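Visitor: pasting the sequence and the predicted model now:
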Protein chains: 2
Amino acid sequence: MVKITDVARHAGVSPSTVSYALSGKRPISAETRARVEASIRELGYRPHAGARALASNKSNVLAMVVPLRAGINVPVVMQFAVSVVTTAREHDHDVLLLTQEEGEEGLRRVADTALVDALIVMDVQLHDPRLPLLRALDRPSVLIGFPADPAGLTCIDLDFKAAGELCVEHLAGLGHRVIGLIGSPPEVYVRQTAFAQRVVQGFTAAAARLGMSSTVHPCEATPAAARTVAERLLREQPALTGVVIHNEAILEPLIDAFEHLGLRIPTDLSLTALCPDELAETLPVPVTSIAIPSREVGEQAVHLLMSKLDNTPVPSATLLRPRLTARASTAPRTM
Amino acid sequence: MVKITDVARHAGVSPSTVSYALSGKRPISAETRARVEASIRELGYRPHAGARALASNKSNVLAMVVPLRAGINVPVVMQFAVSVVTTAREHDHDVLLLTQEEGEEGLRRVADTALVDALIVMDVQLHDPRLPLLRALDRPSVLIGFPADPAGLTCIDLDFKAAGELCVEHLAGLGHRVIGLIGSPPEVYVRQTAFAQRVVQGFTAAAARLGMSSTVHPCEATPAAARTVAERLLREQPALTGVVIHNEAILEPLIDAFEHLGLRIPTDLSLTALCPDELAETLPVPVTSIAIPSREVGEQAVHLLMSKLDNTPVPSATLLRPRLTARASTAPRTM
DNA sequence: GCGTGACGTCGAAGCGCTTCGACGGGGGAA
DNA sequence: TTCCCCCGTCGAAGCGCTTCGACGTCACGC
């Protein structure tokens, strides 16, 4: 193994000079720097990560906790993870992968052993048991998702309220006046995270603001429930021409159900959904949708962390603007 | 930060004794060990990862390179990754996540900086550019998949030849005598990896051994190609009653195609596939299938690496026995 | 012409841990 | 009883790097 003293000897300087040439923390003359760099290249020198971490008290590694529980969309998680790794590398950091299974102990371990400098935690629940720990840890962290009480934490997520609004505005812009929201299973609205409520808030607020007639229907994630809710929607709002769906699992069953009820999409009924683009694109009718911008979330999460690492203050909450992709499922109102 | 000297003082022993109590590398009396452990607990001591890595020349971190290219099945990769992390933790190791995008330079970096002790590389291609590097690196590695020349490497994968055989044997056991293999797109057989050929070899060999009539048909991953190949199969082998499919993308189109041709599954035609269980289960007709045992591959890969890390010799090639899950798409021959 | 910085470099101290050699004491073999 | 060896523990020497203080040199301003 070639070490910094080898480089120093080869370049005819002291080890500290090599270090400074590498880090730029002190001015080094152009010639010296060039000589050092040449030696580094010639000898194939790579600083030892452990030694560096010990001396500098920085490991240049981030921890990323990925969720495992059922119901998460794996490709979305993966996209996010890749984006985190890529962005971290741009900032000269590596990423340690933790499973949610490891829980609080895992977080504490990697933080307390100084294995990582900072942490990214995905899939944060409303009353996540990890919150007290994350607040107490001596290393910065960023959470994906908003807990009930984000005080003292840094959180980032899609602005679900704005997403709900955007769906409504899109439908309103196409002339629709009577709309419905088909949501997630009822339990999602009480447990877990708050994003489902936020969508409803945005939906309702925008509909009211735009003078539209609207209803909200939670729905179980089964095809049977999808059929039922579709029927009920039409019964309760016969003039319905627009629907917002926030329930990936039954997107396809819902489309089927509406078509079996004699509604053509988008001629008779416009549909817009909150779901991954991948899903929206591959449905029998490509659906106008808002996706969680996983790439952007990952990037921003790393940027937030980097700021915290060099003591730049960051906003406690970062809400990402939703972007709606228009597809074949929405059209101007015809009736 | 509480360090080993703090623990030593608190327990009334020397730092080296604490170290030995922790590592077990030298005998320590029960009482001393107990006292040390109590102090550790009381003070909340955690050894500094960097210091440990520097002094012991072991980081207790593995690198895992995950593939990004199109065509990989993301949930399978994720399952595998989770299994690697979980197994690594059981061996007191953590996992650093690298994207394939980082390429050879990424591997060299984490290895040369001693950030990781060993590497797991997924999605290894026949002539993978990383092979020479992996051979030259001073750290052990395990590859998922077999390159053209595995000499000097440690590889693990599903035994695709045995998988091909197992499909045939399953069909033979049900009385089928005339079978076909619908394979991957032609280019898969020349480029990339060798697993597609292996399936064909197993299929052909088993069919010959069992005195069955068989044909092999590569097939593009498009619904149109699926229809064409289905028709051709029936034209060329009118007595066909069993089909093996090694092409996840067109499983569903193929089922449709056969049914449109008037064949009921499994009454008239038995289908067995190589595909993830998740897919096999959710098709209109649940398909008898062999899945890549991602969980087991991950576990074994880590075990292999651990053996290499403590200089236990390991087999150069590990082929995992295929396991076939019978579902609704196969039945005894009726005609 | 001399003080004053800023620049560029060096040497040494340490980061927190592991590990090696050494050493005292006790038990078993001779 | 004596010798030897092993057990349990200690002290010290690093592991390879960063960083702090120091120092010489040069240019500039007064």
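Guide: Perfect, I can see it now.
Visitor: so which strand or helix has the closest residue to A:Pro15 other than its chain neighbours?
Guide: Nearest non-adjacent residue to A:Pro15, counting by C-beta to C-beta, 6 or more residues apart in numbering or on different chains: A:Ala8, 4.4 Å away. Using the backbone N, CA and C atoms, a C-beta is placed for each residue, glycine as well. A:Ala8 belongs to helix A:4-11 when elements are defined using DSSP states H and E.
Visitor: give me the contacts around the helix-or-strand element of chain A with minimal mean pLDDT.
Guide: In chain A, no helix or strand scores lower on mean pLDDT, DSSP states H and E than helix A:186-190, which sits at a mean of 77. Residues external to helix A:186-190 that are found in contact with it (C-beta atoms under 8 Å, 6 or more residues apart in numbering or on different chains): A:Gly183, A:Ala196, A:Gln197, A:Val200, A:Pro218, A:Glu220.
Visitor: list the contacts for the closest residue to the first one other than its chain neighbours?
Guide: Right, the one you point to is A:Gly183. Distances taken as C-beta to C-beta, 6+ apart place A:Pro218 nearest to A:Gly183, at 4.6 Å, with adjacent residues excluded. Shown in contact with A:Pro218 (C-beta under 8 Å, 6+ apart): A:Gly183, A:Ser184, A:Pro185, A:Pro186, A:Val188, A:Tyr189.
Visitor: do I have it right that A:Asn247 meets A:Ile182?
Guide: Yes. Contact status for A:Asn247 versus A:Ile182: in contact at 6.1 Å, counting by C-beta atoms under 8 Å.
Visitor: overlap of the contact sets of the two?
Guide: A:Cys219, A:Leu254.
Visitor: could you pull up phi and psi at A:Cys318?
Guide: Wrong residue type there; residue A:318 is Thr, not Cys. Backbone torsions of A:Thr318, given as degrees, to the nearest 10, read phi -120, psi 120.
Visitor: how close does it sit to A:Leu166?
Guide: As judged by C-beta to C-beta, to the nearest Å, A:Thr318 and A:Leu166 stand 18 Å apart.
Visitor: higher neighbour count, those two?
Guide: Counted by other C-beta atoms under 10 Å in any protein chain shown, A:Thr318 and A:Leu166 do not tie: A:Leu166 has more neighbours, with 22 against 17.
Visitor: just say helix, strand or coil for that one.
Guide: helix (DSSP: H, G, I helix; E, B strand; the rest coil).
Visitor: ok, how many other residues are close to the residue in the stretch 151-300 of chain A that chain B sits nearest to?
Guide: Residue nearest to chain B within the stretch 151-300 of chain A: A:Glu278 (9.6 Å; C-beta to the nearest C-beta). Using other C-beta under 10 Å, A:Glu278 has 13 other residues around it.
Visitor: so it touches A:Val74, yeah?
Guide: No. A:Glu278 lies out of contact with A:Val74 (C-beta under 8 Å); the separation is 10.9 Å.
Visitor: thinking the residue nearest to A:Pro15 is in contact with A:Leu22, fair?
Guide: No. Using C-beta under 8 Å, A:Ala8 is not in contact with A:Leu22, being 11.3 Å away.
Visitor: span of stretch A:167-181 from start to end?
Guide: 10 Å (C-alpha to C-alpha, to the nearest Å).
Visitor: quick one: buried residues of it?
Guide: Neighbour-count burial for stretch A:167-181, counted by 16 or more other C-beta atoms under 10 Å in any protein chain shown, picks out A:167-172, A:174, A:176-181.
Visitor: before we move on, what about stretch A:189-196?
Guide: Those buried within stretch A:189-196 under the rule 16+ other C-beta under 10 Å are A:Gln192, A:Thr193, A:Ala194, A:Phe195, A:Ala196.
Visitor: with stretch A:118-129 instead?
Guide: For stretch A:118-129, burial by neighbour count (16+ other C-beta under 10 Å) applies to A:Ala118, A:Leu119, A:Ile120, A:Val121, A:Met122, A:Asp123, A:Val124, A:Gln125, A:Leu126, A:Asp128.
Visitor: A:Pro253 is in what secondary structure piece?
Guide: Applying DSSP H and E, one finds A:Pro253 within helix A:251-260.
Visitor: who touches that helix?
Guide: So helix A:251-260 is contacted by A:182, A:222-223, A:226-227, A:229-231, A:243, A:245, A:247, A:265, A:269, A:271, A:273, A:275, A:279-280, A:283-285, A:287, A:329 (C-beta under 8 Å, 6+ apart).
Visitor: remind me what the helix or strand in which A:Glu278 is found packs against, helices and strands.
Guide: Element membership for A:Glu278 (DSSP H and E) is helix A:277-282. Applying 3 or more C-beta pairs under 8 Å, 6 or more residues apart in numbering or on different chains; DSSP states H and E, we find helix A:277-282 packed against strand A:288-290.
Visitor: tell me what the strand it packs on is packed against?
Guide: Counting by 3+ C-beta pairs under 8 Å, 6+ apart, strand A:288-290 packs on helix A:160-173, strand A:270-274, helix A:277-282, strand A:324-325.
Visitor: compare the mean pLDDT across the ones you listed and name the weakest.
Guide: Here the helices and strands packed on strand A:288-290 differ in mean pLDDT, and the lowest is helix A:277-282 at a mean of 93.
Visitor: and that one, what's buried?
Guide: Quick answer for helix A:277-282 (16+ other C-beta under 10 Å): A:Asp277, A:Leu279, A:Ala280.
Visitor: and what of stretch A:69-84?
Guide: A:Asn73, A:Val74, A:Pro75, A:Val76, A:Val77, A:Met78, A:Gln79, A:Phe80, A:Ala81, A:Val82, A:Ser83, A:Val84.
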